[in-house]
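Colleague: Sequence first, predicted model second:
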Amino acid sequence: MEETERKDLKKTLWVGLSCLIAFNIAILQALSILNPENPDESGVPYFFAVAAELFIIFVATNKKTQRQLFDVYRQPTAHKIFQWVCFLGLTQIIFSYNSTLIEMLLNFFHLSAQNQEESATGANETLSMFIYGSFLAPFGEEILFRGFLLQNFKRYGVRFAIIFSAILFGIYHGNIVQTPFAFILGLLLGYITVSYGLKYAIAVHIFNNMVLADFLDRFLQLFSENTATTISTIIMGSLALGGLYYLYRFWHTQRQKLFAPIDYSVIRSALFNLPFMILLVICLLEMLAGLTPLH
């Protein structure tokens, strides 16, 4: 890996770190100014946070890149879109088992991540949180991770770009329960972006947050707990089975590309640098701060 490429990689990561810091500072500043009665239920501070994040990306990109941001490489078929929905169902199933496993492991140390799990699931309680969670968060996150970071990482290889942007997407959430789920979701969204275009990744992300998380949770609340569990299992289980089938087909056709030789110098440069280390420490501290003692 050449020195200029290493510097460009580090510069890209500095932008990503700046977005993380600006996002959190904007939230704190908005809370101190607006001072809502229920700050945890209001999405308004997050509006300012997304705006700050997008402003940094706008400054860090040239006009040509901005014009090409929403280019469409090809149109997905209805069958391909159905595959994506099945993969989303599979990721939701993985999330449920993953959260249970993490909670069991933490309980051995008399800790709990229940609060983090609750913040990552369920319906938004206010209109502002619904707007943020269903629309602004997917849009802002896709612009940052698949629109800026992934596109800049592509010069080091498409496979690296998808995986590393997904890793950053996972840890960026600062939620020990949500991080593995976000990483897997990031892989799907990265594949969609490089194969079809960013706007499709945004649409899939919105569908995941709004339909499979918010709307489905509201729908299940209309039934008793046992009935809701049964309905959820049928819907997500069916999608997950489809996801496993399509994942097997993808693996069978793409495994040679997946196991192509790796340039380890790129991986070392991506992981062992100051901006990534700072970003990782901030997110890990956020994850640890979200844990609560087990009573």
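Modeller: On my side now, so go ahead.

Colleague: Going along the chain, name the helices of the stretch 151-295 of the chain.
Modeller: 158-172, 178-195, 198-207, 216-220, 225-258, 264-271, 274-289 (DSSP state H, counting those that start in this stretch).

Colleague: Check the offset of the first one from the chain's centre.
Modeller: Taking C-alpha atoms, centre = their mean, to the nearest Å, one finds helix 158-172 lying 9 Å from the centre of the chain it belongs to.

Colleague: ok and it relative to helix 225-258, angle-wise?
Modeller: Between the axis of helix 158-172 and that of helix 225-258 there is an angle of 150 degrees, by axes from the mean of the first three to the mean of the last three C-alpha atoms, to 10 degrees.

Colleague: now swap in the third one and tell me
Modeller: Angle, helix 198-207 to helix 225-258, by the same axes, to 10 degrees: 160 degrees.

Colleague: hmm, who's touching helix 198-207?
Modeller: Contacts with helix 198-207, where a contact means C-beta atoms under 8 Å, 6 or more residues apart in numbering, come from 69-72, 76, 84-85, 88, 134-135, 138-139, 141-143, 146-147, 185, 188-190, 192-193. C-beta coordinates here come from the backbone N, C-alpha and C atoms, glycine included.

Colleague: one more time with 6 Å, if that's ok
Modeller: Phe70, Trp84, Pro138, Phe139, Glu142, Arg146, Gly147, Leu189, Ile192, Thr193 (C-beta atoms under 6 Å, 6 or more residues apart in numbering).

Colleague: What about the fourth one, how many residues nearby?
Modeller: As a burial measure, the neighbour count of Phe139 was computed by other C-beta atoms under 10 Å and equals 16.

Colleague: residues contacting it?
Modeller: Ile202.

Colleague: If you count neighbours, what's buried in the helix or strand hosting it?
Modeller: Per DSSP states H and E: Phe139 is located in helix 137-142. Neighbour-count burial for helix 137-142, counted by 16 or more other C-beta atoms under 10 Å, picks out Ala137, Pro138, Phe139, Gly140, Glu141, Glu142.
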